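Engineer: sequence unknown, structure follows:
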C-alpha cells in the first residue's frame, strides 16, 4: 500500500526567505510519481511540481524545487524567496503503478511580512 | 483554457436529505475524479471515470453515494441520504488520460455542511 507522511502540521517563514516542506513516502512499486499541490483558503488544489521515480534530475518549476532523495524515500518541496501569497496548505501526493493518487495530511505554511 | 468547473460552491442540508454536485472537466480530458476532503486531511478518492466508464470506486460508500458521467463529459455526484460525517469539501479533478505522470487539475470544490 502507498503512504505519504507529512510531519509538519505548520511552518512559518519570513518573506523573501526559503522554506522546506517535508514529505516521506512508502511504496513497493518501482515506478511512481510524486506531486505537490497548494491549497489556498479558497479551496482549490493548485498543481505545483512533479517528480518521476526514474527522473535523473530534481524537478524545478520557477521558485519551486523538489529535493528528491530516492534511497531515503523523501520528496521535500523547497520554496525560494517566499511571498505573502505562498501562505496556504501544501499537500504531497504520490501515484504508484496503476494505483490511485494518495495525499498526505498537508502542511500549513504561513509567510510573515 | 477553462479549468474544471463545479457547482454549487456551498451547500447546507440537514441529515437524511439528499444532495447533488456537478462537475464539468477540462475539455478533452478523458479521466474524471471525485475526491472527498474532510477538514484537516488530504483529499481521498471516491470514484474515477475513464470516459464514461468507472475505473475505481473502491472507496465510494455505495449505500448512499452514487455518481455518473453521461456522454463521457460532465459528471454528477449524489448523496442520499446524507449523514453528519459527510460534511466535507467535494473536489472534482480531471486529467488527459490515466497515466501515472498525468497531472490532475482540480476544480474549486463544493463545501457541504450536514446539520
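Structural biologist: Thanks, I have the structure now. Quantities reported herein were computed from a predicted structural model and do not represent experimental measurements.

Engineer: tell me which residue is most central in chain B.
Structural biologist: Among the residues of chain B, the one closest to the centroid is residue B:34, at 2.7 Å (Cα atoms, centre = their mean).

Engineer: gap between residue B:44 and residue B:89?
Structural biologist: From residue B:44 across to residue B:89, the span is 11 Å (Cβ to Cβ, to the nearest Å). All C-beta atoms are positioned from the backbone trio N, CA, C, and that covers glycine.

Engineer: wait, is residue B:71 part of a helix?
Structural biologist: Yes: Residue B:71: assigned to a helix according to DSSP: H, G, I helix; E, B strand; the rest coil.

Engineer: phi, psi for the closest residue to it other than its chain neighbours please.
Structural biologist: Counting by Cβ to Cβ, 6 or more residues apart in numbering or on different chains, residue B:71 lies nearest to residue B:52, which is 6.5 Å off, once chain neighbours are set aside. Per-residue torsions, residue B:52: phi -110, psi 10 (degrees, to the nearest 10).

Engineer: ok, residue A:84 next?
Structural biologist: Main-chain dihedrals, residue A:84, degrees, to the nearest 10: phi -60, psi -30.

Engineer: residues making contact with stretch A:10-23?
Structural biologist: A:4-8, A:34, A:36, A:67, A:74-84, A:90, A:92, A:104, A:107-113 (Cβ atoms under 8 Å, 6 or more residues apart in numbering or on different chains).

Engineer: that older thread, more crowded one of residue B:44 and residue B:89?
Structural biologist: residue B:89 (19 against 16; other Cβ atoms under 10 Å in any protein chain shown).
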